[in-house]
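1. kindly return the folded structure for what I paste below:
(one chain, ligands or ions: 2)
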Amino acid sequence: MRITFYGAAQTTTGSMHLVETNGKRILLDCGLFQGHRKEAFEKNRNLPVDPAKIDYVILSHAHIDHSGNLPQLVRQGFRGRVFARQSTMELCDIMLRDSCYLQKRDLECINKKRRREGKKLFEPLYEENDVTALMQLFVPTHLHQPREIAPGVTLEFFNAGHILGSALVQLDIRSDHGHNHRLLFSGDLGQPDQPILRHYEYPAGADILLVESTYADRYHPSADDVELRLEKYLRHIDRRNAKLLIPAFSVGRTQQIIYYLNRLRERNKVPREVKVYIDSPLSQKATRIYANHREVYNEEARAMIEAGRNPLEYPGMVFVGTPEESMALNDAPGPMIIIAASGMCEGGRVLHHLKHCVQDPDNIILIVGFQAENTLGRRIVEKRETIRVLGEETPLKAQVEVINALSAHADRAGLKDWLGEVKDNVRHAFAVHGEPEKVSAMVELLKDLGVKNAVAPQPGQTYKFD
Ligand SMILES: [Zn+2]
Ligand SMILES: [Zn+2]
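-> Ligands and ions are numbered 1, 2, ... in the order given. Here you go, the predicted model:
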């Protein structure tokens, strides 16, 4: 048996690990590299494996850095099966089509320039028909139901508590010469006690472990005061008839905010019926998928449902449809909450809301997610005097607030808790899904926990096991 680490090795994105065993080639994830555009495009375009020779893909969850290169795998000849949970499959259907749309829009811009310069035009990595072809290859796979996917190779999913559909991947491998292995891949591990979703599980007995390291060296602030702060902002916009603009990712974060608003309303903490506009077609679709999969909810969310309340429905919540309806909000009177994508303000409808919000000191821009360097979101967090929105330098006068407690990733304490329970038989541990200093921190953490053989693999590096 061999494992080769092609993506999310010494970096966070592009999750892809190849397991070769019992004559089969199995990919764990097939994600997109994100970051600097040109470099990412080259990496994404040049798949390090021959897609026609891959038998199976096991997909941990729908985030683009884990699933985003699957349509290209199909475009280049993959005809095997993709094992994932039902909700992951449904989320992939909408997210990968959205990824096609974003690529197309991006390329139109770049190609316009290249055409003028007489340069060869770029093609997208994949198009919608590739996504449609991919969707035929999915095999919906339930939690806790071991499935022999190939002779001597048994797959079982466990809860990862990260986003809807996220799974821990366990592979039991029986080889011909009697060497058995249990491999456990964390995918992305959720932060314990986040709203809606159930806590991650602790599958035991793995001897080979692949663990994510996104926040291996960091502790998240407590989520305790999220509701208090939201309540404060709601009162503020209510008094001033102002807007609360929340740039948020469509999948996961948007649903968390809706949930928190619901909890406030339950406790009569919402001043009066403030309208909530969810302004992203993808958010609307994702919220519907979240609402349809109540079987994965945690106890608190279930209790809400049993009491006759839907945690993802909010009175006064409006899903904004067309771009015209979205634009109409620019001049509409407050108080109102607008939740719009993209989460880092790099594109999408949030941009024209920002343009109309940022100059009024009564408005609040609430940042609820990680903002990468060189993004507009980061410049807002840094409270620059002016920001460039839709090509125009605009003074940033609105109040900027940041809530850092809503991460979907376990922090060092969460990772330590999880590893403490799953590590007992681990002989080989691999720290993946993290920048170099994060994977190094994970290797140290593993060694502190008594896992002697812990490494952070380099991209393309192969490890053999008897
Ligand atoms: Zn993820
Ligand atoms: Zn990830």
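
2. residues of the chain that sit close to ligand 2?
-> Residues of the chain lying close to ligand 2 (Cβ under 5 Å from the ion) are 65, 188. Every residue, glycine included, has its C-beta placed from N, CA and C.

3. could you chop the chain up by domain?
-> 2-218+408-464, 223-402 (automatic domain parsing).

4. for these, which one sits closest to ligand 1?
-> Judged by Cβ to the ion, the one of the domains of the chain that comes nearest to ligand 1 is domain 2-218+408-464, at 3.5 Å.

5. report the mean confidence score over that closest one.
-> If you average the pLDDT over domain 2-218+408-464, you get 95.

6. elements contacting the biggest helix by length in the chain?
-> Determined from DSSP state H, the single longest helix within the chain is helix 86-116. Other helices and strands packing on helix 86-116, by 3 or more Cβ pairs under 8 Å, 6 or more residues apart in numbering; DSSP states H and E, are helix 64-67, helix 70-75, helix 128-135, strand 138-140, helix 281-292.

7. now those as CSV including distance to Gly377 and mean neighbour count?
-> What follows is these, written out as CSV (distance: least, Cβ to Cβ, whole Å; neighbours: other Cβ atoms under 10 Å):
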stretch, distance to Gly377, mean neighbour count
helix 64-67, 17, 25
helix 70-75, 27, 24
helix 128-135, 27, 18
strand 138-140, 33, 16
helix 281-292, 17, 20
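
8. now tabulate these in CSV and tack on distance to Glu20.
-> Shown next, in CSV, are these (distance: least, Cβ to Cβ, whole Å):
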stretch, distance to Glu20
helix 64-67, 20
helix 70-75, 16
helix 128-135, 22
strand 138-140, 20
helix 281-292, 34
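
9. for the residue nearest to Ala167 when sequence neighbours are not counted, phi and psi?
-> Leaving aside its chain neighbours, Ala167 sits nearest to Phe157 (4.0 Å; criterion: Cβ to Cβ, 6 or more residues apart in numbering). Phi and psi for Phe157, reported as degrees, to the nearest 10, are phi -100, psi 140.

10. number of residues surrounding Thr12?
-> 24 (other Cβ atoms under 10 Å).

11. how about Asp207?
-> Neighbourhood size, Asp207 [other Cβ under 10 Å]: 16.

12. and Glu401, its phi and psi?
-> Dihedral pair for Glu401: phi -120, psi 150, per degrees, to the nearest 10.

13. before we move on, what SS does Tyr233 have?
-> When classified by DSSP: H, G, I helix; E, B strand; the rest coil, Tyr233 comes out as helix.

14. ok so, going back, show me what contacts the residue nearest to Ala167?
-> 85, 141-145, 167-170 (Cβ atoms under 8 Å, 6 or more residues apart in numbering).

15. now, of these, which are buried?
-> Buried by 16 or more other Cβ atoms under 10 Å: 85, 141, 143, 167-170, out of the contacts of Phe157.

16. mind checking which of those residues are in strands?
-> With strands taken from DSSP state E, the overlap with the buried ones among the contacts of Phe157 comprises 167-170.

17. okay, those residues in a markdown table with distance to ligand 1 next?
-> Converted to a markdown table, these look like this (distance: Cβ to the ion, whole Å):
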| residue | distance to ligand 1 |
| --- | --- |
| Ala167 | 11 |
| Leu168 | 13 |
| Val169 | 13 |
| Gln170 | 18 |
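
18. quick check: the farthest pair among the residues you listed?
-> Maximum pairwise distance among those (Cβ to Cβ): 9.3 Å, between Ala167 and Gln170.

19. most proximal residue of the stretch 301-450 of the chain with respect to ligand 2?
-> For the stretch 301-450 of the chain, Cβ to the ion, closest residue to ligand 2: His433, 5.7 Å.

20. ok, the residue positioned nearest the centre of the chain - contacts?
-> Residue closest to the average C-alpha location in the chain (Cα atoms, centre = their mean): His63, at 4.0 Å. His63 makes contacts with 31, 95, 163, 188, 251, as judged by Cβ under 8 Å, 6+ apart.

21. likewise for Ala413?
-> Tyr219.

22. again, 10 Å this time
-> 191-192, 215, 218-220 (Cβ atoms under 10 Å, 6 or more residues apart in numbering).

23. how far away is it from Leu445?
-> From Ala413 across to Leu445, the span is 11 Å (Cβ to Cβ, to the nearest Å).

24. ditto for Gly23
-> For Gly23 relative to Leu445 (Cβ to Cβ), the value is 35 Å.

25. and the two? Which one has more around it.
-> A count of neighbours by other Cβ under 10 Å puts Leu445 above the other of Gly23 and Leu445, at 21 against 11.

26. who touches the helix or strand hosting the more buried one?
-> Assessed by DSSP states H and E, Leu445 sits inside helix 436-448. Helix 436-448 is contacted by residues 8-12, 209, 211-218, 412, 415-416, 419, 423, 426, 429-435, 451-457 when judged by Cβ under 10 Å, 6+ apart.

27. could you do stretch 214-222 as well?
-> 8, 12, 188-189, 191, 193, 370, 403-416, 431-435, 437-446.

28. 6 Å instead?
-> Contacts with stretch 214-222, where a contact means Cβ atoms under 6 Å, 6 or more residues apart in numbering, come from 404-405, 407, 409, 411-413, 433-434, 438, 441-442.

29. and the gap between Gln10 and Lys447?
-> Applying Cβ to Cβ, the value for Gln10 to Lys447 is 18 Å.

30. when those two are compared, which one has more neighbours?
-> Gln10 (20 against 13).

31. the closest residue to the more buried one other than its chain neighbours - how many residues pack around it?
-> Spatially, and ignoring its direct neighbours in sequence, Gln10 is nearest to Pro436 (5.2 Å; Cβ to Cβ, 6+ apart). Close neighbours of Pro436, defined as other Cβ under 10 Å, add up to 11.

32. right, and ligand 2 sits closest to which residue of the stretch 101-250 of the chain?
-> For the stretch 101-250 of the chain, Cβ to the ion, closest residue to ligand 2: Asp188, 4.4 Å.
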